[in-house]
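Student: Mind folding the following:
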Amino acid sequence: MQASVISALGMDINEVEPASAEIVGDNVPIAAYGLPGTGKLRKGVVEAIKRSDSKAVIMAHHGALCMGKDYDEAFKVAAELEKICETTVKNRYRLITGKVAETLGDVAEYIGTLFDSSAKEAPVFEPCNSERDGSVFNISAVDGDGSIVRIDIKTGELVAGNDYPASAEMHRAIYKKRKDVNFIMHTKTPAEVAMSKSGKTMKPLLDDFAQLVGATVRSVTFNPNSTKKTAKKVVKALKGRNGV
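Tutor: Model prediction:
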């Protein structure tokens with residue numbers, strides 16, 4: 001994942017710690033951008049390989065290519081590349097802030113402070129995952145005890161279970177509008193929370209992002225105290241997209 005971050009920055013990695021250099025090489029070149037499956041992308045990768053002895057190549061806006069004599073070595077290179085890229089991100093953070101990041105969560109938290117957005121004051125609610133099951137959907141808290149609540153998609157009535165989660169109306173509205181959606185996952189990684197607090201629309205810095213999620217990812221506030229109104233906003237923000 002961190003290799004993908006570096007691929008969006010468009011730079012070589014020229015500082016590699018000795019232990020990592022023994023596995024990957026003392027630098028990691030970046031290959032020029034090209035659309036997937038094109039000669040331009042292939043040419044960019046070949047040129048990057050020619051100018052370095054590294055066993056890894058960062059492909060601009062695509063991720064990384066890791067090489068080895070067999071699967072095990074290539075996998076080892078990939079794992080070590082993630083460490084190299086994480087160190088690179090932390091080093092950039094130190095250069096910008098003068099502080100040491102113990103974890104990437106520190107970096108994400110810093111990014112979240114850079115934006116003056118009302119989204120920072122958005123109500124907090126318990127994240128839930130859900131799955132369509134015919135005319136109903138099953139929903140459960142991400143950090144809960146595993147208990148499942150079943151809700152009718154058309155009416156919103158409780159079919160089974162005792163607790164109606166705060167975000168249930170949002171899930172119901174999505175299933176009702178989007179017949180192509182069968183599963184909803186609510187994730188809260190430090191990076192995702194930081195971006196959600198910014199209130200900004202995310203643009204695709206990786207080709208995979210555009211192909212899987214959409215041309216952009218919009219930011220919207222869901223308020224558990226005004227579920228129907230704000231659930232509609234979430235559905236609207238999801239139009240033509242698979243993430244919000």
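
Student: Low-confidence ranges, the protein, go.
Tutor: 116-120 (pLDDT under 70).

Student: longest helix of it?
Tutor: helix 71-97 (DSSP state H).

Student: Which helix or strand lies directly C-terminal to it?
Tutor: Of the helices and strands lying after helix 71-97 in sequence (DSSP states H and E), the nearest is helix 104-112.

Student: neighbouring contacts of that following helix?
Tutor: The contact list for helix 104-112, computed with C-beta atoms under 8 Å, 6 or more residues apart in numbering, reads 2, 86, 89-90, 93, 97, 99, 101, 120, 189-191, 193-195, 197-198. (Each C-beta comes from the backbone N, C-alpha and C, glycine too.)

Student: Let's see the ChimeraX selection covering just the buried ones among these.
Tutor: To isolate the buried ones among these in ChimeraX, judged by 16 or more other C-beta atoms under 10 Å, type:
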select :2,86,89,90,93,101,190,191,194,195,197,198
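
Student: Next, the angle from the longest helix of the chain to helix 104-112.
Tutor: 40 degrees (axes from the mean of the first three to the mean of the last three C-alpha atoms, to 10 degrees).

Student: and the residue nearest to the spatial centre of the chain, how far is that from I111?
Tutor: Centroid-nearest residue in the chain, with C-alpha atoms, centre = their mean: E192, separated by 6.6 Å. Separation of E192 from I111 (C-beta to C-beta, to the nearest Å): 11 Å.

Student: what's the answer for R172, then?
Tutor: 32 Å.

Student: ditto for S135
Tutor: 42 Å.

Student: Please say which of these two ends up with more neighbours.
Tutor: For S135 versus I111, neighbours defined as other C-beta atoms under 10 Å are more numerous around I111 (16 against 11).

Student: Show me which positions of the longest helix of the chain end up buried.
Tutor: Neighbour-count burial for helix 71-97, counted by 16+ other C-beta under 10 Å, picks out 74, 76-78, 80-81, 83-90, 92-93.

Student: Next: stretch 43-57.
Tutor: Neighbour-count burial for stretch 43-57 flags G44, V45, A48, I49, S52, S54, K55, A56, V57 (criterion: 16+ other C-beta under 10 Å).
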